[in-house]
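Asker: Fold the following.
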Amino acid sequence: MLRLWSVIMAGGRGERFWPLSTRTLPKPFIPLLGPTTLIQDTAARIEPLTPPERTLISIGAAHVDIARRQLPRVPEENFIVEPVGRDTSACLGLCALHLEKRDPGAVMLALPADHYVGDGAAYLRTIETGMGGLDAATGIVFGIRPTRPETGYGYILAPRPQAGGSIWPVAAFVEKPDAATAARYLADGGYFWNSGMFLWPNRTLLGLFRKHLPETSEGLDRLRPLIGRGDAADEVRALFEALPRISIDFGIVEKTAGLGLVPVSFPWDDIGSWASLDRALGADAAGNVVRGRHTAVDSTGCVVYAQSATVATLGVSDLVVVEAYGKVLVCSKAKAAELKRLVAALAPEEG
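Answerer: The predicted model follows:
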């Protein structure tokens, strides 16, 4: 019997949401959209389909303790620790070995830990639709219908199935386009944003590693007998560190034939920078997006996040103003996606 397991990938870093997020408190672990953190939201959202005992958390060694505190109902053995960061192919390969040992018939749902989803019920229905399509597809990708000519996302071309149905055949993956090409994709109707959510039988995924990433597969074969051994940490680290650094998208997904796509109907955003919060939280009558205490006079189009103090703005537009942990950020919304440049310039103790 095929049983669904979710793998929540929580290896993100903190540069684009400084000062609320940092290297020691990266994006998945901050209360960006409400009182709970993004990883807590992700785990709660999928719980009706994969309860905590069937939810794996892929996590870097530096963030294990905070992940366990934030997700106390997830069993300790379900925190799969990446000894070093080697991108998402190594991350999911390691998780696939754990699933292979614990449930040979598992279906893996790979989920980023830090996305915004605006309709939990529609989200669950979408996952169930994907499960129903696995008998006719190698795996399932979840495509977001574009709402703007976005140049920061990869796209998936998936023509509408001629016979109808809820699974669209994947024709091609397209890298981040220029503005004119993105506008054409938006008008076309057959292109979708790549959500980074993937679904496949675990055995199929391991077979795709053998086919498309043989070097990684050989490394996983060496890791397999060490899974679950508490005395093998040094050996696991050495083998994991030797795995190629490549994303699951480039390494496997974009090379795999026979994938199906489920068009996503729920509001979604990857929340890539402070400027993107207006898509997740909505703006007030002046176009300001506010979390915390904010007094505005003649201020429009700003993003304001105040953790403990009152932020006041006068006669300004299109700024990001963030107060958190005794630090203050002021930048233009147009430059918010480049915040990692600022974080790199900060002293280590400030970043």
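Asker: Make sure Ala158 is actually in contact with Ser166.
Answerer: No - the pair Ala158 / Ser166 is not scored as a contact, 11.9 Å apart, by Cβ atoms under 8 Å. Backbone N, C-alpha and C define where each C-beta goes, glycine included.
Asker: where's Arg125 relative to Arg160, distance?
Answerer: 19 Å (Cβ to Cβ, to the nearest Å).
Asker: The two: which is more packed in?
Answerer: Ranked by neighbour count (other Cβ atoms under 10 Å), Arg125 and Arg160 place Arg125 first, with 14 against 11.
Asker: Share the number of residues neighbouring Val322, please.
Answerer: With other Cβ under 10 Å as criterion, Val322 counts 24.
Asker: beta partners of it?
Answerer: Beta bridges link Val322 to Tyr305, Leu329, judged by DSSP bridges.
Asker: Do you know the pLDDT at Leu56?
Answerer: The score at Leu56 is 98. That number is its pLDDT.
Asker: Tell me who's in contact with it.
Answerer: Shown in contact with Leu56 (Cβ atoms under 8 Å, 6 or more residues apart in numbering): Trp5, Ser6, Val7, Ile8, Asn78, Phe79, Ile80, Cys95, His98, Leu99.
Asker: Who does it form a beta bridge with?
Answerer: According to DSSP bridges, the residues that bridge with Leu56 are Val7.
Asker: And it, how close does it get to Ile246?
Answerer: Noted for Leu56: a distance of 21 Å to Ile246, by Cβ to Cβ.
Asker: same thing with Glu77?
Answerer: To Ile246, Glu77 is 27 Å away according to Cβ to Cβ.
Asker: out of the two, which sits in the more crowded spot?
Answerer: Ile246 (17 against 11).
Asker: Nearest spatial neighbour of the more buried one, chain-adjacent residues omitted?
Answerer: Ser89 (5.0 Å; Cβ to Cβ, 6 or more residues apart in numbering).
Asker: hang on, isn't the one you found packed against Leu213?
Answerer: Yes - counting by Cβ under 8 Å, Ser89 touches Leu213, with 6.2 Å between them.
Asker: Identify the contacts common to those two.
Answerer: Pro244, Ile246, Gly251, Ile252.
Asker: so what's the backbone phi/psi at the first one?
Answerer: So that's Pro244. Dihedral pair for Pro244: phi -60, psi 140, per degrees, to the nearest 10.
Asker: can you pull out the strands in the stretch 101-250 of the chain?
Answerer: Here the stretch 101-250 of the chain has its strands, by DSSP state E, counting those that start in this stretch, at 106-112, 116-117, 140-144, 155-157, 168-169, 172-174, 191-201.
Asker: Would you convert the ones you listed into TSV that also reports mean pLDDT?
Answerer: Shown next, in TSV, are the strands of the stretch 101-250 of the chain (pLDDT from 0 to 100):
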stretch	mean pLDDT
strand 106-112	98
strand 116-117	96
strand 140-144	98
strand 155-157	97
strand 168-169	96
strand 172-174	95
strand 191-201	97
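Asker: quick one: which of those is nearest Ala347?
Answerer: Nearest to Ala347 among those is strand 106-112 (30.0 Å), distances taken as Cβ to Cβ.
Asker: Report the backbone C-alpha coordinates of that closest one in CSV.
Answerer: Extracted C-alpha coordinates of strand 106-112, given in CSV (Å, rounded to 0.1, in the frame of the first residue of the first chain):
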residue,chain,number,x,y,z
ALA,A,106,6.2,5.4,0.7
VAL,A,107,5.2,8.2,-1.6
MET,A,108,7.3,11.3,-0.9
LEU,A,109,5.8,14.8,-1.1
ALA,A,110,8.7,17.3,-1.1
LEU,A,111,7.7,20.7,0.3
PRO,A,112,9.7,23.9,0.9
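Asker: Tell me which other helices or strands that strand touches.
Answerer: Judged by 3 or more Cβ pairs under 8 Å, 6 or more residues apart in numbering; DSSP states H and E, strand 106-112 is in contact with strand 3-9, helix 38-46, helix 87-102, helix 120-132, strand 191-201, helix 202-212.
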